[in-house]
Each structure stands twice: as structure tokens, then as C-alpha cells.
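> Sequence isn't available, so here's the structure alone:
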């Protein structure tokens, strides 16, 4: 061991022998009282915050679950269901988020197909009034689709023509289904409603095929733009969810 | 001979869990285990009983009310408490500056028969404390924790965020600096 290390070792030993500073009893008691008060305060603050936070979280979670459940339930709801108005809200939201003529056409054709399915279900349940409304909404969707095509033909005729073909095919499919339905029902009101629906579908084809004049241009583009008026906006007297563009 | 009750290396985890569940007895047990140590540490660093008391209370309050910030990830609770005490000391220095309260005017001669050798046996505790407070922050910390608090090099390393080897080297340098500081005081 070198002399330096020996010296430092002695110094270290001397340091170890130093008596510790002991706090006066009063200081320790004062300290405990202050620490205890602070601990109790922080515990109280935590227990005050926690139930409120838990309640808020539970409420938000319940609301989210409820909304998600209602939306899921409304997706396949029919016009005689309590959830049906919510279906219209969801469809409108989809419409607002649909951009581009091709996507708008697909959107209207999809809704037209949905309305036709609803009409068939309502006929099966002998709810001719609701079936009639569904068919009316179907025609509104086809008309909206025709207006979208008209606007597209003005800006891009080849694409507009292709879209017109898609509309024709969709209407042909619908017409075949409506013809089948016509053979199944006997109620005169129902038969009349189906006949009117087929006629209006044919008119939609004419609208889409109509050459665009300078007067039509403004109307077509105005009608083809999103309105966002909520359920039933496709027809003034139809309560069905028929969002338009 | 110092006596701080249970060693700082004792496992505090069961007590911490109980404190987290609101057990007041566990709070008291941790307070009893650490208050004297922190008071002693603070007194050695600051040199005034009033300041040491304030700092010890502040450290214990922060330690026991902010347990949610303490995560047992390899760092012992004792290390965490000492780190809080160290940070509080730095804050104190920033606010009030470093003061040397102990004068050596009346101190006896600190030299032995060999003028180059320090007569450590004759050094008073006050001399030692005053000389320690003249060292750098890290040197003070390592000497106080190793020799006044009886902590191992590994425990000091955990508190200071250094390796054991670095702590040992720092301790050697700190003792050398202390020796020179004491010699300088003796000459003056």
C-alpha cells in the first residue's frame, strides 16, 4: 500500500467515525405531521378525481357502444323498423363523402338496389304503402343517377356514355325484378305502384340519354351536386332515406 | 458509530405497494426508515439544521406523495429518495447560494510531527464538514453517501447514475481533494 493510499485510507476511516447529525425530535414530529397531511391530501385528491374520470369514461364508452350498435342494427333495417331513420342518416353521410361522378353513380345505383329490396320485403309483409314509398325512392335514385351522367357527358362524353351503359344495365336488372314482382302481387294499388316504378325507370334512361343543351347544363350540374338534405331529400313527399348528389 | 435503523438496501417494495393502497402505517414505516438519513445527508450538504430540516421534510413529502412517478425498474426506492434529496440540494444552492458557515479560526493545528502529513486524528467533525462543503458537488455527494451514510459503492453508483468503477475513482479523487483542502485550511 503506497503512503498516499494509506493517508487516504486513514482519512476515510476518520470520516466513517464522524457522528451523524440526528434531527431533533421536534423536527421529526413536525416533518411527520406535514408529510402525513400531504399524503392524505393527495389521496383525497386522487379519490375525488377517479370516480369522476371513471364515470366520464363509462358514459363515453356506453355512448360509443350504443351508437355503434344502433348503426349496425340499422344497416339491414326495413322501412317498418325503428332503426330505419338512422339508416337514412348513415346513407346521407356516405353520400356527403362520395366524390367523383363514377363513385356518385355507384352510390345512387347501390341505394336504388337497396330501395328495391325494401319494396320487395314490404310487399311480402303486405305493407303496400311502405312498398310504394320504397319504389318512389328507388325512382328518385335512378333519376339522380341520370343527372350525374348528364353532367359527366357534358365534361367527358366517352366516360358519360360508359356510365349511361351502367345505368341501363342496372335498370334492366331492376325491371326484370319488378316484372317478376308484378306477376306475384294481386293488390291493384301494388300493381299500380310497380307499373309506375317501371315507367319512371324508363324515363330515367331517357334523361340520361338526352343530349345536353345549354339550358340543361346548369340544371344538370346543380342537381348532380351533393345537397346533404338528410333522409327523404330525393323526393319531396317521400320519407325514405334517399340522399342525393 | 452511526445508526440509521434498517439498511437502505432493505427491500422497500412491500411497503411501497401498501402505501399505494393507502396504508398509513406503511407511510409511517418508510418515513421512519428514511427521514434521519435524509436529514443527515442534507445537514452534511447544507451545514444548517433549519435548512436540513426543511430539505428532509420536502424530500419525504415528494417521495411519499409522488409514488406514482416511481417505477421499480432496476432503481431502488432508496436511490430515488436520495436523488430527490440531491435535486432539492441543488435547488437550494440555486436559490440561496453556497454558504460556508464553519470557520477554522479557533481550530487547533492540523499538522502532525511530519509537516507534510495531515493529523487526521486531530480534525474536528466541524473541520471535516466545512472542508467537504468546499469540494465539488459530485465529490461531496460521494463522500457523504459512502462514509456518512454507509452506502456501498454499488448503491452510490445507482444514486449517481454512474458505474461502480467511476464511483470508486471519484471517491479516490474526492479524498485527495479533501486532504488538500484540509491542509490548506491548516496552513491558513
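Ah, there it is. Given the structure is predicted, the values throughout are model-derived calculations rather than measurements.

> Mind pulling the model confidence for the residue nearest the centre of chain B?
Nearest to the geometric centre of chain B sits residue B:41, at 3.4 Å (CA atoms, centre = their mean). For residue B:41, the pLDDT comes out at 95.

> Could I get the contacting residues of it?
By CB atoms under 8 Å, 6 or more residues apart in numbering or on different chains, the contact set of residue B:41 is B:82, B:85, B:144, B:145, B:148, B:149. For every residue, glycine as well, the C-beta is placed using N, CA and C.

> For the first one, give its distance to chain A.
Put plainly, it is residue B:82. Distance from residue B:82 to chain A, counting by CB to the nearest CB, to the nearest Å: 15 Å.

> chain center to the helix or strand harbouring that residue, what's the gap?
Residue B:82 is located in helix B:77-96, with elements delineated by DSSP states H and E. On the basis of CA atoms, centre = their mean, to the nearest Å, helix B:77-96 sits 10 Å off its chain's mean C-alpha point.

> name the helices or strands packed onto the helix or strand just after it?
Per DSSP H and E, the first helix or strand lying C-terminal to helix B:77-96 is helix B:125-132. Packing contacts for helix B:125-132, counted by 3 or more CB pairs under 8 Å, 6 or more residues apart in numbering or on different chains; DSSP states H and E, involve helix B:164-187.

> Low-confidence stretches in the chain?
I went with chain A, as the question did not name one. The model of chain A has pLDDT under 70 over residues A:46-51, A:212-245.

> my question was about chain B
B:1-10, B:72-73, B:98-118, B:185-188.

> pull the longest helix from chain A.
Counting by DSSP state H, the longest helix found in chain A is helix A:25-75.

> quick one: buried residues of the helix holding residue B:82?
B:77-86, B:88-89, B:92 (16 or more other CB atoms under 10 Å in any protein chain shown).

> Show me which residues of chain A are close to chain B?
A:4, A:7-8, A:10-24, A:27-28, A:30-32, A:34-36, A:38-39, A:41-43 (CB under 8 Å from any CB of the partner chain).

> let's see 7 Å
A:7-8, A:10-12, A:14-16, A:18-23, A:27-28, A:31-32, A:34-35, A:38-39, A:42-43 (CB under 7 Å from any CB of the partner chain).

> Out of those residues, which end up buried?
By neighbour count, with 16+ other CB under 10 Å, those hold A:7-8, A:10-12, A:14-15, A:18, A:20-21, A:23, A:27-28, A:31-32, A:35, A:38-39, A:42 as buried.

> follow-up on the earlier one: can you name the residues in contact with the helix holding residue B:82?
B:8, B:12, B:16, B:34, B:38, B:41-42, B:45-46, B:51, B:55, B:58-59, B:62-63, B:70, B:141, B:158-159 (CB atoms under 7 Å, 6 or more residues apart in numbering or on different chains).
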